[in-house]
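Trainee: prediction below, plus the sequence it came from.
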Amino acid sequence: MKPVKPLFCILLALSAPLTAQTYQWKDAGGRTVISDAPPPKGTASRSIAAPSAPPGDLAEREMEFRKRRREAEDSTARAERESTQRRQRRETCERARQALATLESGREVSSLDDRGEGALMNDTERQQEIIRLREMVGESCK
């Protein structure tokens, strides 16, 4: 008979708990007993599976992690985009209110013509610009 190698014995001893069957039953006192030894004869018992790894394999968990990270990045980008839009809307509102106040004050206002030269606004142009700015204030200052 050949001698058993020590490494084989160690591996065998370590693998035993991984393959062991686990049992659960109620004893005579009504207490629940969980053991790797089978219950006494005539005792109703059930077999319990050994604890397993978390559900899903590594690839599934990696996919879930990437999905959660992508959703978080999308959420952050959406929040930043909405914040930028709100800021731009506030700035547009403020500029439109200031321009409207200037036009409604009755002071002379000049604008650039097609050639890029300054020219005073006449009453018709002033009224058209006031109407346009009131619409802009109504849209951007909600």
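Mentor: Right, received. Where do you want to start? Residues are numbered from 1 along each chain as shown.
Trainee: check the gap between the residue most central in space within the chain and residue 81 for me.
Mentor: Geometric centre of the chain, nearest residue: residue 72, 3.1 Å, by C-alpha atoms, centre = their mean. For residue 72, the distance to residue 81 equals 15 Å [C-beta to C-beta, to the nearest Å]. (Glycine included, C-beta is placed from N, CA and C.)
Trainee: ok, now residue 104?
Mentor: From residue 104 to residue 81 the distance is 34 Å (C-beta to C-beta).
Trainee: sorry, back to before: how about the residue nearest to the centre of the chain, phi and psi?
Mentor: Phi and psi for residue 72, reported as degrees, to the nearest 10, are phi -70, psi -40.
Trainee: repeat for residue 32
Mentor: With angles defined as degrees, to the nearest 10, residue 32 sits at phi -80, psi 130.
Trainee: repeat for the one 4 residues further on
Mentor: Comment: the main-chain dihedrals of residue 36 come out as phi -90, psi -10, following degrees, to the nearest 10.
Trainee: tell me the pLDDT of it.
Mentor: Looking at residue 36, its pLDDT stands at 77.
Trainee: all strands for the protein, in order.
Mentor: Using DSSP state E, the strands of the chain run over residues 22-26, 32-35, 45-48, 110-112, 118-120.
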